[in-house]
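Undergrad: Sequence first, predicted model second:
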Amino acid sequence: MAETTQSASLFSALLPFVLMLAIFYFLLIRPQQKQQKARQAMLDGLKKGNKIITIGGIYGEIVEVKEDTLIIRVADKVEIKTTRGAVSQVIS
């Protein structure tokens, strides 16, 4: 009977920590993983002609897509070279 009481008290002592870990997972870790997957899908879907905004706030249109880099036209006859990771969002 002493073992049953001792294991029950151990369980009740660990229960708040287990609940806290579950809350952290569902409120912090899982949404962040979903956001990372969505961003990676957006970066993988970049193609020529997309209008984008970079992390630095530069608006432009993709002129050329290479493996890790993009050539972006920001004005007439003005093109810049950036990495794929520099894209913040796709406008169209």
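TA: That came through, no problem. Numbering: from 1, shown residues only.

Undergrad: all helices for the protein, in order.
TA: For the chain, the helices defined by DSSP state H cover 2-24, 30-44.

Undergrad: Adding mean pLDDT and mean neighbour count, write those out as a markdown table.
TA: C-betas here are computed from N, CA, C, even on glycine. Below are these laid out as a markdown table (pLDDT from 0 to 100; neighbours: other Cβ atoms under 10 Å):
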| stretch | mean pLDDT | mean neighbour count |
| --- | --- | --- |
| helix 2-24 | 81 | 9 |
| helix 30-44 | 95 | 11 |
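
Undergrad: of all the ones you listed, which lies closest to Ala86?
TA: Among those, the nearest to Ala86 by Cβ to Cβ is helix 30-44 (9.8 Å).

Undergrad: ok, back up a step: looking at the helices of the chain, which is nearest to Val65?
TA: Among the helices of the chain, helix 30-44 sits nearest to Val65 (Cβ to Cβ), with 10.7 Å.

Undergrad: Show the secondary-structure elements that that closest one is packed against.
TA: For helix 30-44, the elements it packs on are strand 87-90, judged by 3 or more Cβ pairs under 8 Å, 6 or more residues apart in numbering; DSSP states H and E.

Undergrad: I'd like the mean pLDDT over the strand it packs on, please.
TA: Per-residue pLDDT over strand 87-90 has a mean of 96.

Undergrad: still on that earlier bit, need the helices of the chain in TSV with distance to Arg73, can you?
TA: Shown next, in TSV, are those (distance: least, Cβ to Cβ, whole Å):
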stretch	distance to Arg73
helix 2-24	44
helix 30-44	19
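
Undergrad: Can you give me the domain boundaries for this structure?
TA: 1-44, 47-92 (automatic domain parsing).

Undergrad: what does stretch 66-78 contact?
TA: Residues from elsewhere that reach stretch 66-78, judged by Cβ atoms under 8 Å, 6 or more residues apart in numbering: 46, 52, 54, 58-64, 79-84, 86-87.

Undergrad: In PyMOL, select just the buried ones from the residues you listed.
TA: Applying 16 or more other Cβ atoms under 10 Å to the contacts of stretch 66-78, the buried members can be selected in PyMOL as follows:
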select buried, resi 52+54+60+61+62+82+84+86+87
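
Undergrad: Perfect, I'm done here.
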